[in-house]
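Chemist: based on what follows, work out the 3D shape:
(one chain, ligands or ions: 2)
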Amino acid sequence: MEEARSRKLGGSLKVPNVQELAKQQLSGVPPRYIRNNDDENQLYNSSILLPHQLPPVIDMEIIKDDDETELNRFHLACKEWGFFQLVNHGVSSSLMEKVKSEIQAFFNLPMEEKKKFEQEEGDSEGYGQAFVVSEEQKLDWADMLYMITLPTHFRKPHLFPKLPASLRDALEQYSTALKELAMKILYMMARVLGMKAEELNVLFEKDATQMMRLNYYPPCPQPDRVMGICPHTDSIALLAILLQVNETEGLQIKKDGAWIPVPYRPDAFVVNIGDILEIVTNGIYKSIEHRAIVNEDKERISIATFFSPKLDGDLGPAASLLTLQSPAQYRRIGVADYFKGYFSRELVGKSYIDTVRIGNEDDESN
Ligand SMILES: O=C(O)CCC(=O)C(=O)O
Ligand SMILES: [Fe+2]
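Modeler: Numbering: from 1, shown residues only. Ligands and ions are numbered 1, 2, ... in the order given. Purely as a prediction, here's the structure:
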């Protein structure tokens, strides 16, 4: 436990609680949240999207039967989208519903209760906001509760174990169910990529890291001037599995230069490829920029679960995917160093992976 307490994921400056701010019936949003009207802020895409322009929906039940067509759709979803909705995934709808209602209840708790989980100096885990490194930086219109959930001995004693019992129990079951699901997804990927199973085993051994980020986006009087979570890729993850907790939509992914909404589906998980999987697959699968926008009168809630290799290992492109024609595009790096670098900077689009891209060594200090 001592070890867990001292393991800090790099700090973030303290920022106001946005849920509290939103309750103050502001006529306008404080300037720190107002985004410039640049390209990134083309908030609303008014064109009507056709079904093939929406992220693919993959059915795990069909894949289980070794259906080549579905396996191929899965491979293309990973390669060309980096994002897909997953249905018939084996996680029970009763567990999904329980997790949703418990998370909703957590954010409905009085502020004094939630503040018990407040981030500590120098640490991104806890209740607050991450990636705030300067007073000048624009802020996201959201609060979050961020925690390492696996391995269990990395859990901070004042966070996961102290959650309200019903939320803790739901997240405990959810953590186990999602670990199993993530392994299945990764093995399906290894299979369609022709990777050696050991190359994934090594990443997913006993001390593989799982983190959960509960996101709360309050309603906002000027939703088209702010960002719920600014454009980013999930840099410390092999995979992220997201559950949209309520029906308010807001997640968008960047595809061919356009922001595409991910519809709410109560039975689906949204799966996306993180930077670490891009590195491991030597760029065959790519992490995709995504963001969340907010709503004028409805709150939005989501829970993202991130799967990463164990902290004391290292990561780099899988040897079985390297050939003379496709040499390594990323260098090997220790997982702990890679994590530390990530938490000490602002979250900016798809940029962190460039620090390990071969040929980019001059930029490493940026
Ligand atoms: O709330 C969402 O839909 C996206 C959250 C997200 O991208 C994250 O937590 O990394
Ligand atoms: Fe994300």
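Chemist: mean confidence score for the one helix or strand E172 maps to?
Modeler: If you go by DSSP states H and E, E172 is part of helix 165-193. Across helix 165-193, pLDDT averages out at 95.
Chemist: kindly report the same for stretch 104-115.
Modeler: So the average pLDDT for stretch 104-115 ends up being 96.
Chemist: picking that back up, tell me how far the helix holding E172 lies from the chain's centre.
Modeler: Put simply, helix 165-193 sits 14 Å off its chain's centre (CA atoms, centre = their mean, to the nearest Å).
Chemist: quick one: contacts of the very next helix or strand once past that helix?
Modeler: Moving toward the C-terminus from helix 165-193, the first helix or strand encountered (DSSP H and E) is helix 197-201. For helix 197-201, the external contacting residues (CB atoms under 8 Å, 6 or more residues apart in numbering) are L186, Y187, A190, V280, A318, A319, S320. Every residue, glycine included, has its C-beta placed from N, CA and C.
Chemist: okay if I get the residues you listed as JSON lines plus neighbour count and distance to E199?
Modeler: Formatted as JSON lines, these follow (neighbours: other CB atoms under 10 Å; distance: CB to CB, whole Å):
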{"residue": "L186", "neighbour count": "21", "distance to E199": "10"}
{"residue": "Y187", "neighbour count": "15", "distance to E199": "11"}
{"residue": "A190", "neighbour count": "20", "distance to E199": "7"}
{"residue": "V280", "neighbour count": "27", "distance to E199": "8"}
{"residue": "A318", "neighbour count": "22", "distance to E199": "4"}
{"residue": "A319", "neighbour count": "12", "distance to E199": "7"}
{"residue": "S320", "neighbour count": "14", "distance to E199": "6"}
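Chemist: what about the residue nearest to A208 when sequence neighbours are not counted, neighbour count?
Modeler: Leaving aside its sequence neighbours, A208 sits nearest to K310 (CB to CB, 6 or more residues apart in numbering; 5.4 Å). As a burial measure, K310 scores 18 neighbours (other CB atoms under 10 Å).
Chemist: picking up where we left off before, and the contacts of helix 197-201, which is closest to E61?
Modeler: Within these, the smallest distance to E61 is 16.0 Å, found for Y187 (CB to CB).
Chemist: could you pull up the residues touching that closest one?
Modeler: Each residue near Y187 by CB under 8 Å, 6+ apart is listed here: A197, L200.
Chemist: for this protein, which helix or strand comes out least confident on mean pLDDT?
Modeler: Across the helices and strands of the chain, mean confidence by mean pLDDT, DSSP states H and E is lowest for helix 2-6: a mean of 50.
Chemist: immediately after that one, which helix or strand?
Modeler: Later in the chain than helix 2-6, the nearest helix or strand by DSSP H and E is helix 18-23.
Chemist: residues making contact with that following helix?
Modeler: So helix 18-23 is contacted by P30, F107, M111, Q129, D140, W141, A142, D143, Y216, P218, P219, C220 (CB under 8 Å, 6+ apart).
Chemist: and the second one, how far from I293?
Modeler: In this case it means F107. Counting by CB to CB, to the nearest Å, the separation of F107 from I293 is 18 Å.
Chemist: so which of the two has more stuff around it?
Modeler: Neighbours were tallied for F107 and for I293 using other CB under 10 Å; the higher tally belongs to I293 (23 against 18).
Chemist: for that one, which non-adjacent residue is closest in space?
Modeler: Nearest residue to I293, sequence neighbours excluded (CB to CB, 6+ apart): G250, at 4.9 Å.
Chemist: I'd say that neighbour and K298 touch.
Modeler: No. Using CB atoms under 8 Å, G250 is not in contact with K298; the gap is 9.4 Å.
Chemist: when those two are compared, which one has more neighbours?
Modeler: G250 (23 against 15).
Chemist: and the pLDDT for that one?
Modeler: The model's pLDDT for G250 equals 95.
Chemist: ditto for T355
Modeler: Value for T355, per-residue pLDDT: 89.
Chemist: before we move on, what about D267?
Modeler: We have a pLDDT of 96 for D267.
Chemist: contact partners for P218?
Modeler: Contacts of P218 (CB under 8 Å, 6+ apart): V18, Q19, L21, A22, K23, W141, A142, D143, V294, E299.
Chemist: okay then, goodbye and thanks.
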